[in-house]
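> After the sequence you'll find the predicted model.
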Amino acid sequence: MKTAHRRLPPSLLLSAAAGALLLAAALGACGDDPESTADATSDAATDVKESDAEPDATPDEGPAPDAAPDAADVATGDIPPVIDTLFAGAAVRSLRAPIGAPTAGFGPSFGANAPSSRFADAFPATNRKHTDLTVKALVLRRAGKAVVLARLDLVGIWMNTVEDVRARLVALGRPDLAEGVVLSATHTHSGPGRFIDHFIGNIAADTFSPEMFKRISDAVVEAVVEADANSVPARVGHKAIQVATLHSDRRCENGPIQDDTMGLIKVESVDGDLLALVVNYAMHGTIVGASAYTLSSDAPGAVETGIEARLPAGVPVMYFQSWAGDMSPSDTRETYATEQGTEPEGDYIRLDALAAAAGDAVAPALDDFPMSDQPDLGVVTVHAELSGTLANPDGVFDEYPYGGIYCVSSDGRCGPDAEPFTSINCLGLPEDGAVDRALVSAARIGDLMLVTIPGEPTTQVGTGLRDAVQAATGFDDVFILGYAQGYLAYIVHPDDFWFGGYEAASMIFGPGFMDYLVARGVAVAERVLDPSATYDFPVLESHWTGPAKHTDWVTEQALGEPAITEQPTSDGGLRVVRWVGGDPAVDPAVVALEQEVDGDWQPVLRDNGARLTSDGPEIDVTLSVDPKYGGFKAEPRTFTYTARLPALFSVPPLGGQPTGTFRFVVEGQRPEAYTLTSEPFTL
């Protein structure tokens, strides 16, 4: 179905930088889902010199509240010995995105009551956390080779993050892990911005913040190192299933085109204990609306939550996007929202319903995986030179060597009688806004090939790359990782480009960009199988020398003593607790739920046995500050947090609705740790 999209003011078209600004709108806006609740060259890491990026010292405010002591120290030793058996491990780390960070999925649009904060600049700030935003990492290691898959709760991955992570792993003495790194964004539109150190990205995801960049890079490195430290002798297997219930085609210009393939990678110990599950699927993260000003893992996170509910506690489900450029998340509330719940936001109900649908779709497929403890592993990453001419060798884009946008109408042409456009008239990008390369990777896990695309491929693009890699390599099983290793906006089929519409108008390298990326993806996949294979296109050296700054936010003084200022009540649709806490730069604002059982207080557990806290979707947390933020200058403030728990869930949990006597336990930092316990309440 067609989506609604935000536009920049027409006055911006008058500036010389209009092309770049409009590109930023495309990169950042991506499109509000119509059903969201608006009412509410190198192949190896050794290309990066160790001196280019040294590991950072612990920030002055102390270690991250979610960081294990000395977590990174496990990587300072020698590379593990070459062993013929597969070793695998997984880990999860918070991105430590503070409440107040801007989101990077809806563009620089301000409502009348849009919040601001010292963590946001040109974009609206957030004032609420629905779920914690994380990086989930999986390390597979065998015979001296490693495949390192990490998915991040971001709208996209910028190449600099990949380069920084690789350089820091090399500096830690682990070039084997660095060479295997593949980073992919879940494409939640409610993830933090300000992590792109580039002219285009500064406008697309708010101005660059070295503090946010550092937190993201830290989280990835720590998760990879911890995952490797957790590794045990293991087996891995994969399969593809068909799941039509979680997404729908939103693009009318290319007709009803939909591929429902969901790729699954299952990793277990040799003793049969499940270690991790990778899900590869096509679905935008656009359920939580722009006006919610909320940090959330959105629809991809809901898929993970719904499947994790069916697995043992502590087993991460890792959502990797595929060809989501034209795929919206489905609305499954009619089937799964069977109660008159009391959620504060309708979007939360839709996410819970999607989670339940994902669990039902995937759980039956988790048995009967063909598993191997000796899969061949390999990763190749290439910096392929990029320009408008290289992407369009037929000359149609020669006038726009640095890229162009709005080459065709964003209104689009739909229906069987629609006629394509016959010419283009783009807003060209300036030279200082150019992107001179595309980072493309391929990874082998046994008889499975993974190939990345640095942007938003539509279904025709993703399946076209899959089919081309299958034909070139002889591999029957190929998974496509979109939004991975870089972000270069939408990518549509060459024929589809000429019918316009939002996705085609948002392309920055013309109608030939799909063919360019398919050719590079095929070549890199062939190089994984044959290291002596040569490229027939220009390859660049890594140019990464590290960000201009690599620091963390100064912690503001928190006024008042940590204390609960409003106790939960037992009437009404929500159970609310309010307290004075610390600066969100250091205070994770985590609220746990406990229940009285036979006179003792015990943590409430989710269906899979994990502790129920506000890091998950059941309890959201909002923040207000006094005095209000007035810029980037740090000053003393009172930080008042509010946590809300529905008394009744519209989508009943697997274990049934919670009933009994409960209390909230708040765990935070100012930066010194504090714990607050509420009075009891009943459900």
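Sure thing, it's come through. Numbering: from 1, shown residues only.

> what are the ranges of the strands in the stretch 401-550 of the chain?
Using DSSP state E, counting those that start in this stretch, the strands of the stretch 401-550 of the chain run over 404-405, 427-428, 437-445, 448-452, 456-457, 477-481, 490-491.

> out of those strands, deepest packed?
Most buried of those, by mean neighbour count (mean count of other Cβ atoms under 10 Å): strand 456-457, with a mean of 32. Every residue, glycine included, has its C-beta placed from N, CA and C.

> elements contacting that strand?
Packed against strand 456-457 by the contact rule (3 or more Cβ pairs under 8 Å, 6 or more residues apart in numbering; DSSP states H and E) you find strand 490-491.

> strand partners of the strand it packs on, parallel vs antiparallel please.
Strand pairing for strand 490-491, determined by DSSP bridges: strand 456-457 (parallel).

> thinking again about what came up before, can you redo the strands of the stretch 401-550 of the chain as CSV with distance to Met262?
As requested, the strands of the stretch 401-550 of the chain are arranged in CSV below (distance: least, Cβ to Cβ, whole Å):
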stretch, distance to Met262
strand 404-405, 32
strand 427-428, 37
strand 437-445, 17
strand 448-452, 14
strand 456-457, 16
strand 477-481, 10
strand 490-491, 21
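
> Quick one, which of those gets closest to Tyr281.
Closest approach to Tyr281 among those is made by strand 477-481 (9.9 Å; Cβ to Cβ).

> quick revisit: among the strands of the stretch 401-550 of the chain, which is nearest Ile83?
For the strands of the stretch 401-550 of the chain, proximity to Ile83 was assessed by Cβ to Cβ; strand 437-445 is nearest, at 16.6 Å.

> quick check: longest strand of this protein.
In the chain, assigned by DSSP state E, the strand with the most residues is strand 232-242.

> what's next to the following helix or strand past it, contact-wise?
Sequence order places strand 247-249 as the next helix or strand after strand 232-242, per DSSP states H and E. For strand 247-249, contacts defined as Cβ atoms under 8 Å, 6 or more residues apart in numbering pick out 1, 256-258, 260, 281-283, 324, 326-330, 459.

> in its sheet, what does the helix or strand that strand 247-249 is followed by sit against?
Moving toward the C-terminus from strand 247-249, the next helix or strand (DSSP H and E) is strand 261-269. With DSSP bridges as the test, strand 261-269 is paired with strand 232-242 (antiparallel), strand 274-281 (antiparallel).

> Including mean pLDDT, mean neighbour count and distance to Lys266, could those strands go into JSON lines?
Shown next, in JSON lines, are the strands paired with strand 261-269 (pLDDT from 0 to 100; neighbours: other Cβ atoms under 10 Å; distance: least, Cβ to Cβ, whole Å):
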{"stretch": "strand 232-242", "mean pLDDT": "98", "mean neighbour count": "18", "distance to Lys266": "5"}
{"stretch": "strand 274-281", "mean pLDDT": "98", "mean neighbour count": "23", "distance to Lys266": "6"}
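
> mind checking which of those strands is nearest Met514?
Across the strands paired with strand 261-269, closest to Met514 is strand 274-281 (Cβ to Cβ), at 19.5 Å.

> between the closest one and strand 448-452, how many degrees?
On the basis of axes from the mean of the first three to the mean of the last three Cα atoms, to 10 degrees, strand 274-281 is oriented at 50 degrees to strand 448-452.

> how about the helices of the chain, start to end?
18-29, 159-171, 175-179, 199-204, 210-229, 298-308, 333-336, 346-362, 388-391, 459-473, 494-497, 501-505, 513-529 (DSSP state H).
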